[in-house]
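>>> Sharing a model prediction with you, sequence too.
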Amino acid sequence: MSKHILCAIDLTHMDNARALVTEAGRIANMEQALLSVVTVLPDYGSSFVGSFFKDGTLKGAAEAARQSLHALVDEVLPDAGTVQCIVEIGSAYEEILDAAKKCDADMIIVGAHKPDLADRIIGPNAARIVRHADVSVLVLRI
């Protein structure tokens, strides 16, 4: 039985994010567990590419992501009570694993696209999370 579930979503794929958060909310409710939802923004700030953006752009993007995350949770889980929303910056799988440790999650929920003829494996981030997580990982085909 899980006590704290971390659901990792990508805000650039809102239909998938809605499906994942909905299912994570259902599981958290069934398990009577706390729920946290995390999204990760890529860190371009220290790279050459980052030099082409105005100062504060990444901070603004993080704030916009935080607002979008809260709006998504409010939309799909209006009666869920308190859901922690986390925005991290960096490598997706590393930040998701780090967020799981920080919030003491004992289960991580991630999505993977439904396979087609050209793709017969789960995505690289989901695979890395499964391989390196210290806790159970539920991969949902979306």
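It's in.

>>> going forward, measure contacts and count neighbours with C-alpha atoms only.
Noted.

>>> tell me the contacts of the nearest residue to residue 11 once chain neighbours are set aside?
Counting by C-alpha to C-alpha, 6 or more residues apart in numbering, residue 11 lies nearest to residue 17, which is 6.5 Å off, once chain neighbours are set aside. Neighbouring residues of residue 17 by C-alpha atoms under 8 Å, 6 or more residues apart in numbering: 9, 10, 11.

>>> between those residues, which is closest to residue 136?
residue 9 (16.8 Å; C-alpha to C-alpha).

>>> Check the spacing between the closest one and residue 99 real quick.
13 Å (C-alpha to C-alpha, to the nearest Å).

>>> Please enumerate the shared neighbours of the two.
With C-alpha under 8 Å, 6+ apart, residue 9 and residue 99 have common neighbours residue 38.

>>> Following element in sequence after the lowest-mean-pLDDT helix or strand in the chain, please.
Scoring the helices and strands of the chain by mean pLDDT, DSSP states H and E places helix 124-132 at the bottom, with a mean of 90. As assigned by DSSP states H and E, the chain's next helix or strand after helix 124-132 is strand 136-141.

>>> List the neighbouring strands of that next one plus their orientation.
Paired neighbours of strand 136-141 in the sheet (DSSP bridges): strand 107-112 (parallel).

>>> Which helix runs longest in the chain?
helix 57-76 (DSSP state H).

>>> How far off centre is that one?
Mean-position distance between helix 57-76 and its chain equals 12 Å (C-alpha atoms, centre = their mean, to the nearest Å).

>>> ok, and what's touching whichever helix or strand comes after that helix?
The C-terminal neighbour of helix 57-76 among helices and strands, as given by DSSP H and E, is strand 83-89. With contacts defined as C-alpha under 8 Å, 6+ apart, strand 83-89 is touched by 34-43, 62, 65-66, 69-70, 73, 95, 99.

>>> Just the buried ones from those residues?
Buried by 16 or more other C-alpha atoms under 10 Å: 34-41, 62, 65-66, 69-70, 73, 95, 99, out of the contacts of strand 83-89.
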